[in-house]
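Starting from these lines, generate the structure:
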Amino acid sequence: MLDRRAVLLVKDEAIYNTDSAPVAGTDAIMCEDFKWAFANSRMVQRKPVRASLAAMKPIYAGTLITVSGKTEIKGSGAAGTPPEISPFLRASGWAETIVASTSVTYKPTSVQASIKSSTIYFYDDGLLLKMTGARGKNNVDLAVGSVGYLNWEFTGHFVSVTDVALPSATYDATAPVPLIAVPFTADSFAAVISKLAFDLGIEIAMPESIAASDGYGEITITGRGVTGSFNPARVLKATYDFIGKWQGGNAMALDTGPIGATAGNIYRVTMPAFTYSEAGRGNQNNVGTYEMKFAAAESSGDDDVSVAFT
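Next comes the predicted model:
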């Protein structure tokens, strides 16, 4: 079997942990670095008092499964149509707002009813792995000279692994835009950076359930804390006082500006109230930088970060 001959399908569930039957014609998502591993597996070790000192056969008592990978961030090609990564966002604590023919915007949500769950099929060159009730976490990497990536990790209920031929998948043909000509600002200052990264800091609960076939109930998102970093070129204090802003605990706005220039394939990241949490000295090709870490807070309720596709 060849590791790169694989197809990933992801689809929202109408009812939690009920297979939504994703199909290769509409639900395929391109990904890189895909991995899976069983999580929270239980193997009961039996140690009764008896004459023999030999170990007894352990008893399997349920498991979950975790999958991870990364996917390019890009528009759908049509403004107002959700992007390819939308199922990953909806099942990891982002609420989706669609304005027809105009935009699709994602912001974190605290309303459990707004957080979807996903069925995930992974065709692995002859094998098919199925999981349901998947919810998870993700982070974003934006680095100059590359394209934007959504890194994701989902935990769900393991269904099965079976022998199934690789399907012919249909993918979104939109090409991601390179991270150049991005008008980034922090606190309205046009800092010169080479990378921006942020993580929603999603907290996942995996409650146990004696009634469930795998011993686990509904996987639930229970908290978040948006953090990130970027590396601005060092400037004189009179130009912009990064250290003073950190010490002052100022709440500021962050804005990547539009990434891309063609309608249907533009996205923009904004944070209305980020605060520097750490400051350090950095270096990029012998040019001085700061390594600035930050935390983002909400300004008017569940708006700590926004990603808008237009």
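
Surely I243 is in a strand?
No - going by DSSP: H, G, I helix; E, B strand; the rest coil, the assignment for I243 is helix, not a strand.

State the distance from it to I219.
42 Å (Cβ to Cβ, to the nearest Å). C-beta here means a position set from N, CA and C on the backbone, and glycine is covered the same way.

These two: which is more packed in?
Neighbour totals were compared for I243 and I219, and I219 leads with 22 against 12 (other Cβ atoms under 10 Å).

wait, doesn't the more buried one sit right on M206?
Yes - contact criterion Cβ atoms under 8 Å: I219 and M206 qualify, at 5.6 Å.

Can you check which residues contact both of the two?
Counting by Cβ atoms under 8 Å, 6 or more residues apart in numbering, the residues touching both I219 and M206 are 64, 155.

center of this protein, which residue is that?
N138 (2.1 Å; Cα atoms, centre = their mean).

check contacts around that one.
88-89, 92, 150-153, 199-200, 202.

which residues does V182 contact?
Applying Cβ under 8 Å, 6+ apart, we find V182 in contact with 142, 144, 256-257, 259.

can you do 7 Å?
256-257, 259 (Cβ atoms under 7 Å, 6 or more residues apart in numbering).

can you check W94 too?
106-109.

change it to 10 Å
Shown in contact with W94 (Cβ atoms under 10 Å, 6 or more residues apart in numbering): 85-86, 88, 105-109, 114-116, 138, 200, 202, 305-307.

The helix or strand hosting G288: what's the following helix or strand?
Secondary-structure assignment from DSSP states H and E places G288 in strand 287-297. Going down the chain from strand 287-297, the next helix or strand is strand 306-309, by DSSP H and E.

in that following strand, what counts as buried?
Within strand 306-309, the residues scored as buried using 16 or more other Cβ atoms under 10 Å are 306-309.

what does stretch 270-279 give?
In terms of neighbour count (16+ other Cβ under 10 Å), stretch 270-279 has its buried residues at 270-276, 279.

just to revisit the earlier point, which strand residues bridge the residue nearest to the centre of the chain?
W152 (DSSP bridges).

measure it to W152 for me?
4 Å.

what residues do these two have in common as contacts?
68, 70-71, 85, 88-89, 91-92.

who's in contact with the most far-flung residue of the chain relative to its centre?
Relative to the centre of the chain, and counting by Cα atoms, centre = their mean, the farthest-placed residue is A51 at 52.8 Å. A51 makes no contacts at all, as judged by Cβ under 10 Å, 6+ apart.

three-state assignment of it?
A51 ends up coil, using three-state DSSP.

just the strands in the stretch 201-310 of the chain please.
Along the stretch 201-310 of the chain, counting by DSSP state E, counting those that start in this stretch, strands occupy 203-205, 220-223, 227-230, 252-255, 267-284, 287-297, 306-309.

quick check: angle from the fifth one to strand 287-297?
In other words, strand 267-284. Strand 267-284 runs at 140 degrees relative to strand 287-297, counting by axes from the mean of the first three to the mean of the last three Cα atoms, to 10 degrees.

The stretch 1-150 of the chain: strands as residue ranges?
Under DSSP E, counting those that start in this stretch, the stretch 1-150 of the chain gives strands at 6-12, 32-39, 43-44, 59-60, 64-72, 94-99, 103-108, 118-124, 127-143, 149-163.

show me where pLDDT drops low in the stretch 1-150 of the chain?
Along the stretch 1-150 of the chain, segments meeting pLDDT under 70 are nowhere present.

ok, back up a step: the strand holding G288: which residues count as buried?
Those would be 289-290, 292, 294-296, for strand 287-297 by 16+ other Cβ under 10 Å.

and what of stretch 57-71?
For stretch 57-71, by 16+ other Cβ under 10 Å, it's 62-71.

and the end-to-end length of it?
41 Å (Cα to Cα, to the nearest Å).

before we move on, back to that, please tell me which one of the contacts of V182 counts the most neighbours.
I259 leads the contacts of V182 on contacts (other Cβ under 10 Å) with 27 neighbours.

Could you tell me which residues make contact with it?
Applying Cβ under 10 Å, 6+ apart to I259 gives the contacts 73-75, 142, 147-148, 176-184, 265-269, 307, 309.
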